[in-house]
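[1] Fold the following.
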Amino acid sequence: MKYLTTIITATVLVTSTIANPIAVKRASPVSLGLANSFGAISSSTLTSTGKTLITGDAGTFPGTSITGFPPGVVTGSTSAGGLASQNAEASCLAAYNHAVGLVPTVALVASDLGGVTLCPGVYTFPTPSATLTTTVTLDGTGNPNGQFIFQISTTFSSAAGSKVLLVGGAQACNVFFVLGTSAAIGAKSEIRGNILAGTLIAASEGASGIGTWCSLNAAVTLINNALTAQTVCTSV
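    Have a look, this model is predicted:
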């Protein structure tokens with residue numbers, strides 16, 4: 001996967017005892033920063049058809065085209081090329097580069113996440129693209145801070161009716177689908193997690209999401225969708 005800008009390097013945490021000093025590398029958590037209040041943010045255009053509901057903010061930068069609201073509804077603020085969306089895009093880019101710079105912890109044997117249960121980790125795939133055909137279960141194992149990072153070199157697509165199911169304390173704010181190109185979200189899919197796409201994000205009829213959908217170099221296209229920004233992530 002190509003980096004969109006300079007990687008944010010992992011933090012080195014040094015712990016020691018008198019007898020055996022040990023240096024342990026620990027990656028700082030990925031954070032959306034000022035983008036976490038956005039349900040959708042695009043670098044070019046944000047387009048909706050029908051009665052899309054974005055619970056949170058929405059915007060574009062450097063593009064200024066936002067169409068379909070109304071009849072679509074944004075419960076927060078709408079920023080077309082404004083400072084808020086500029087800051088959100090910058091935060092998305094920083095999160096993207098941080099996430100792709102993390103060292104993978106698990107190499108998946110299949111490119112389809114459907115039917116799999118996963119614990120927190122940094123995941124890679126055997127092919128450049130990844131799919132979700134049915135339901136993937138993300139188990140936080142009782143740790144609300146656990147992050148699920150999916151490093152996808154090119155495209156991510158979800159089939160109609162597919163789901164990201166969160167159990168064991170897992171939170172949508174800690175799930176990141178990080179892809180080099182585009183995301184195609186199937187009709188009535190339920191995506192729990194943030195999508196950071198190198199190019200466009202296109203959702204089909206009735207798909208829903210909890211988290212931030214961020215396009216770094218192209219459009220976000222919505223059709224009767226329900227997107228909810230998860231602005232607060234519970235931690236311990």
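[2] Find the nearest non-adjacent residue to the spatially most central residue of the chain, please.
    The chain has Asn194 as the residue nearest its centroid, 2.1 Å off, counting by CA atoms, centre = their mean. The shortest distance from Asn194 to any non-neighbouring residue, by CB to CB, 6 or more residues apart in numbering, is to Gly211 (4.1 Å). Glycine gets a C-beta too; all of them are placed from N, C-alpha and C.
[3] Touching, the one you found and Val175? I think so.
    Yes - using CB atoms under 8 Å, Gly211 is in contact with Val175, at 6.8 Å.
[4] okay, and the common contacts of the two?
    192-194 (CB atoms under 8 Å, 6 or more residues apart in numbering).
[5] any idea which of those is closest to Thr234?
    Nearest to Thr234 out of the shared contacts of Gly211 and Val175 is Arg192 (CB to CB; 14.5 Å).
[6] Return the distance of the closest one relative to Val164.
    4 Å (CB to CB, to the nearest Å).
[7] cool, Val100 as well?
    Separation of Val100 from Val164 (CB to CB): 20 Å.
[8] what do Arg192 and Val164 both touch?
    Common contacts of Arg192 and Val164 (CB under 8 Å, 6+ apart): 138, 175.
[9] May I see the shared contacts of Gly211 and Val175 arranged in TSV, with pLDDT, secondary structure and distance to Leu179 as well?
    Converted to TSV, the shared contacts of Gly211 and Val175 look like this (pLDDT from 0 to 100; DSSP: H, G, I helix; E, B strand; the rest coil; distance: CB to CB, whole Å):
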residue	pLDDT	secondary structure	distance to Leu179
Arg192	98	strand	16
Gly193	98	coil	12
Asn194	98	strand	11
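[10] can I get those residues in JSON lines with distance to Asp139?
    Below are the shared contacts of Gly211 and Val175 laid out as JSON lines (distance: CB to CB, whole Å):
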{"residue": "Arg192", "distance to Asp139": "13"}
{"residue": "Gly193", "distance to Asp139": "14"}
{"residue": "Asn194", "distance to Asp139": "18"}
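[11] Out of the residues you listed, which is nearest to Thr135?
    Of the shared contacts of Gly211 and Val175, the one sitting nearest to Thr135 (CB to CB) turns out to be Arg192, at 10.9 Å.
[12] number of nearby residues for that closest one?
    Taking other CB atoms under 10 Å as the criterion, the count of residues near Arg192 is 22.
[13] and what of Thr117?
    Burial of Thr117 is recorded as 12 neighbouring residues (other CB under 10 Å).
[14] does it really touch Gly140, like I thought?
    No - contact criterion CB under 8 Å: Thr117 and Gly140 do not qualify, at 11.4 Å.
[15] What does the pLDDT read for Cys233?
    pLDDT, Cys233: 83.
[16] Ok, Thr45 next?
    The per-residue pLDDT reported for Thr45 equals 98.
[17] Could I get the contacting residues of the residue nearest to Asn194?
    172-173, 175, 191-195, 228-230 are the contacts of Gly211 under CB under 8 Å, 6+ apart.
[18] Now with 7 Å, please.
    172-173, 175, 192-194, 230 (CB atoms under 7 Å, 6 or more residues apart in numbering).
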